[in-house]
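Asks: Need the 3D shape of this:
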Amino acid sequence: MLKVLIIISSSVIIFSCQESDIFEKKILERKLNQVFDNVKNNNFKLKEKNYQIINVDYFSELSKIKATNEKLKENSISKIANLAYKRNNPKIKSIEKIILTNYFNALELRNLNSVDITQYYIEKISNFNIDIKVKEDCINFLIFNRDLMIFINYNADVNMDSQSLLKRGCLDQCMFDKAKAVWVDGNWVDKAGFVLTAASTTAWWLGSCSWGCIFK
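Replies: Next comes the predicted model:
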């Protein structure tokens, strides 16, 4: 009899946990959809607009390598990849995927400033009542993404005039194209791969672009 009661109790607990998890995800999705709608309708205000790159060491190293106009060596990639964006989890968790899928969909909206969109998601997600580690990973990624956008002067505006594009050098345009290929044109596998390896992937982008621009 005791054994039966234990089994029943365990089943109830498991079912309750699953039901609670589904409920929390629905609340999260509702909040994210509101954030997305605000972005879509260009109806959002930012607390912070004086953007400063937080991952200073990482992007300073990238700038130094970019300034030398030389092929990026493997040891340089390893060095700078260890300076920024460290994740707590080796995989993307389900709640994190819900958040980032919503965010990447927002990035696909045209005629909006991608840095502002990213900052808005950072501010909103900071107030979400979700697992602290998941929140930390999401915010760390969004901050890194925002810093990268600033570094390469990324703007998803399809109406950018030709003069603005001409101001970009070969290296900057190459980095821009690689970022766009992931953030806007890529599928979820591409985006997940970038989320998990953002710092090292960005370093490899620079290496690839450096090589391509030097020997163009």
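
Asks: Can you tell me the number of residues neighbouring Asn41?
Replies: 8 (other C-beta atoms under 10 Å). Backbone N, C-alpha and C define where each C-beta goes, glycine included.

Asks: same deal with Ile27?
Replies: 13.

Asks: My guess is Asn140 contacts Asn89. True?
Replies: No: in this structure Asn140 lies outside contact range of Asn89 using C-beta atoms under 8 Å: 11.0 Å.

Asks: Compare those two (neighbour count), which wins?
Replies: Between Asn140 and Asn89, Asn140 has the larger neighbour count (other C-beta under 10 Å), namely 19 against 12.

Asks: which residues does the more buried one contact?
Replies: By C-beta atoms under 8 Å, 6 or more residues apart in numbering, Asn140 lies in contact with Tyr85, Lys86, Arg87.

Asks: same deal with Ser208?
Replies: Cys174, Lys178.

Asks: Equivalent analysis for Lys40, please.
Replies: The contact partners of Lys40, by C-beta under 8 Å, 6+ apart, come to Ala106, Leu109.

Asks: can you tell me which helix or strand Ala192 belongs to?
Replies: Assigned by DSSP states H and E, Ala192 belongs to helix 188-196.

Asks: Dump stretch 181-188 to PDB, restricted to CA.
Replies: Extracted in PDB, the C-alpha atoms of stretch 181-188 (Å, rounded to 0.1, in the frame of the first residue of the first chain):
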ATOM      1  CA  ALA A 181      24.000  35.800 -43.200                       C
ATOM      2  CA  VAL A 182      23.500  34.400 -39.600                       C
ATOM      3  CA  TRP A 183      21.200  37.000 -38.000                       C
ATOM      4  CA  VAL A 184      18.800  37.500 -40.800                       C
ATOM      5  CA  ASP A 185      19.300  35.000 -43.600                       C
ATOM      6  CA  GLY A 186      20.400  31.900 -41.500                       C
ATOM      7  CA  ASN A 187      18.200  29.100 -40.300                       C
ATOM      8  CA  TRP A 188      17.900  28.100 -36.600                       C
END
